[in-house]
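Peer 1: show me the folded form of this:
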Amino acid sequence: MKRPVFSWIYRMIGMFVGIALIYSCQAVTLQQAQSEWNNGVMLENSKVSEFDLIYPDAHYRKALELLDKVDSTGDNQLDISKDVLTALCYWRIADYKKADDLVQILKHKASEAAPRDQVLIYLLPALIKIDEAKAEIPLEPQINEVLLKELNQKVDEALKEIKNALMHVESPMLRIYVLETGLEAYNVRKLAHNKLATDLNQSAFNSEMKREIKNFFIDKLPTEIGESWKKTLGIRY
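Peer 2: Next comes the predicted model:
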């Protein structure tokens, strides 16, 4: 199955990170890598076919080539930003092992990272698990409770990573980005159930999902925008 295309949460994070990093990049090569990342994100947001995924991947791979040429900039936060961008590129070309290996190293430097980079360091493991689960969902419905159990476990692991990321977020806006990733995880759980479950009592499943989502999100919403998000949760689920 083809690698999942950006969902709305990936679009928001992708462009958000791109804008955040480009203003901090001083080296020309690093700026060029940032530009390649942005181009890949824009292409991936606008294309939907499997064939079209070739083009954004080319930009991410070019970005990786450029990033590999950048030695230490002498600025610790900028060096971390470079490594975060590298991990993001590995994530988007579905080289999940390299992305996760780099994130595990970055976790030891997270306290020194800029706030947005720090959030991504803790959030990327969840994004990887969500994409891994999504890629295993078949295009056509087929009862497979074993696979469904495996995918639900991946979603549970992603949600655990999201809860961990929330512990490192103070900014209300960054907190929303993390919580939106949680919504994507629940979307994957719902899609997997629809494709693989033996019991397709959709009404009962939706009710349980709504209860689970509210329990996960409501007490974690920033007070500044909590009410609007409660409405969003009600509309979507």
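Peer 1: ok, now how distant is residue 81 from residue 192?
Peer 2: Counting by Cβ to Cβ, to the nearest Å, the gap from residue 81 to residue 192 is 34 Å. Backbone N, C-alpha and C define where each C-beta goes, glycine included.
Peer 1: got it, and residue 154?
Peer 2: Residue 154 sits 9 Å away from residue 192, going by Cβ to Cβ.
Peer 1: so who does the residue lying closest to residue 136 once chain neighbours are set aside touch?
Peer 2: In space, and not counting its chain neighbours, residue 136 is closest to residue 151: 6.1 Å by Cβ to Cβ, 6 or more residues apart in numbering. By Cβ atoms under 8 Å, 6 or more residues apart in numbering, the contact set of residue 151 is 133, 136, 137, 188, 189, 192, 196.
Peer 1: for the record, mean pLDDT for the lengthiest helix in the chain?
Peer 2: For the chain, the helix with the greatest residue count under DSSP state H is helix 172-196. Mean pLDDT, helix 172-196: 86.
Peer 1: that older thread, okay, residue 154 and residue 192: which has more neighbours?
Peer 2: The neighbour comparison of residue 154 against residue 192 (other Cβ atoms under 10 Å) goes to residue 192, with 24 against 21.
Peer 1: so what's the residue lying closest to that one once chain neighbours are set aside scoring on pLDDT?
Peer 2: Distances taken as Cβ to Cβ, 6+ apart place residue 151 nearest to residue 192, at 4.4 Å, with adjacent residues excluded. Residue 151 is assigned 94 on the pLDDT scale.
Peer 1: same deal with residue 206?
Peer 2: As summarised for this prediction, residue 206 has a pLDDT of 75.
Peer 1: just the element for it, please.
Peer 2: Assessed by DSSP states H and E, residue 206 sits inside helix 202-217.
Peer 1: okay, the angle between that helix and helix 172-196?
Peer 2: 160 degrees (axes from the mean of the first three to the mean of the last three Cα atoms, to 10 degrees).
Peer 1: distance between helix 202-217 and the chain's centre?
Peer 2: 22 Å (Cα atoms, centre = their mean, to the nearest Å).
Peer 1: give me the buried positions along it.
Peer 2: 205, 209, 213, 216, 217 (16 or more other Cβ atoms under 10 Å).
Peer 1: closest to residue 126 among those residues?
Peer 2: Taking Cβ to Cβ as the measure, residue 126 lies nearest residue 216 of these, at 12.8 Å.
Peer 1: that closest one touches residue 158, doesn't it?
Peer 2: No - contact criterion Cβ atoms under 8 Å: residue 216 and residue 158 do not qualify, at 11.7 Å.
Peer 1: overlap in contacts of residue 154 and residue 192?
Peer 2: residue 133.
Peer 1: show the backbone phi and psi for the residue most central in space within the chain.
Peer 2: Compute the mean C-alpha point of the chain, and by Cα atoms, centre = their mean the closest residue is residue 127, 3.3 Å away. The phi and psi values for residue 127, taken as degrees, to the nearest 10, are phi -60, psi -40.
Peer 1: chain center to stretch 189-207, what's the gap?
Peer 2: When C-alpha coordinates are averaged (Cα atoms, centre = their mean), stretch 189-207 and its chain have centres 23 Å apart.
Peer 1: please shift the residue numbers so they start at 45 in all later answers.
Peer 2: Will do, 45 is the new start, and the previous item becomes stretch 233-251.
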